[in-house]
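**Student:** task: produce atomic coordinates for the following.
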Amino acid sequence: MKKREELERLRGMSDEDLREEAARIKESLFRLNFKLALGETDAVKRLRQEKRTLARLQTLLSERQNEQAA
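**Tutor:** Down below sits the predicted model:
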């Protein structure tokens, strides 16, 4: 999925859905780190993608919290 499409999809989600997605990605990162420790080299690209997606989710959540506080 392209970055722009992914951002639009994430922006359309509710706060609760974003939190659930973040929890799912954290679990995925845990599993990918485990695979990486076992020597599976194909996990590297997926690990980077998941980290970026998690960062986007956290950024959207913090932006929404700042908007509500203002």
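**Student:** low-confidence stretches in the chain?
**Tutor:** Low-confidence segments of the chain, defined by pLDDT under 70, span residues 1.
**Student:** where along it do the helices fall?
**Tutor:** 3-11, 15-37, 43-69 (DSSP state H).
**Student:** and the residue minimising distance to the centre of the chain, what does it touch?
**Tutor:** Most central in the chain under CA atoms, centre = their mean is residue 54, positioned 2.3 Å from the mean C-alpha point. Taking CB atoms under 8 Å, 6 or more residues apart in numbering, we find residue 54 in contact with 22, 25, 26, 29. C-beta: built from backbone N, CA, C; applies to glycine.
**Student:** residue 61 against residue 13, yeah?
**Tutor:** No: shown here, residue 61 and residue 13 do not form a contact pair, counting by CB atoms under 8 Å, at 10.2 Å.
**Student:** can you tell me how far the closest residue to residue 11 other than its chain neighbours sits from residue 39?
**Tutor:** Closest residue to residue 11 apart from its sequence neighbours, by CB to CB, 6 or more residues apart in numbering: residue 60 at 6.7 Å. Computed with CB to CB, to the nearest Å, the distance linking residue 60 and residue 39 is 34 Å.
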